[in-house]
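J.: Based on what follows, work out the 3D shape:
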Amino acid sequence: MAEKSVGTDKRIERYIAAAKRAGSAVQRVVIEGRKIELVLSDERGPDLSEFDAVDLRR
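T.: Numbering: from 1, shown residues only. Now for the predicted structure:
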């Protein structure tokens with residue numbers, strides 16, 4: 001996969017779009033060097049998505 005050739009901004013946009021498709025709202029994005037962390041705000045109640053068990057830190 002050509003992940004390394006994609007800029008940080010584009011990667012963040014893809015991660016946010018994936019979270020939104022899964023029904024989660026992104027509350028905050030933290031960038032520390034190469035590490036990108038999405039803090040999700042779960043407004044759906046007890047329903048779980050495939051992203052609830054995934055660590056999205058890179």
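J.: gap between Leu38 and Ala22?
T.: In this view, Leu38 and Ala22 are 11 Å apart by C-beta to C-beta, to the nearest Å. In this view, the C-beta of every residue, glycine as well, is placed from N, C-alpha and C.
J.: The two: which is more packed in?
T.: Each of Leu38 and Ala22 has its neighbours counted (other C-beta atoms under 10 Å); Leu38 has more, 19 against 15.
J.: In this structure the more buried one contacts Ile31, no?
T.: No: in this structure Leu38 lies outside contact range of Ile31 using C-beta atoms under 8 Å: 10.3 Å.
J.: pull the helix or strand with minimum mean pLDDT from the chain.
T.: strand 35-41 (a mean of 85; mean pLDDT, DSSP states H and E).
J.: Pairing partners for it, with directions?
T.: Sheet pairing of strand 35-41 (DSSP bridges) gives strand 25-32 (antiparallel).
J.: Identify all contacting residues around the partner strand.
T.: Contact with strand 25-32 is made by 8, 12, 16, 19-20, 36-43, as judged by C-beta atoms under 8 Å, 6 or more residues apart in numbering.
J.: Farthest-apart pair in those, please.
T.: Greatest spatial distance among those (C-beta to C-beta): Thr8 and Glu43, at 26.8 Å.
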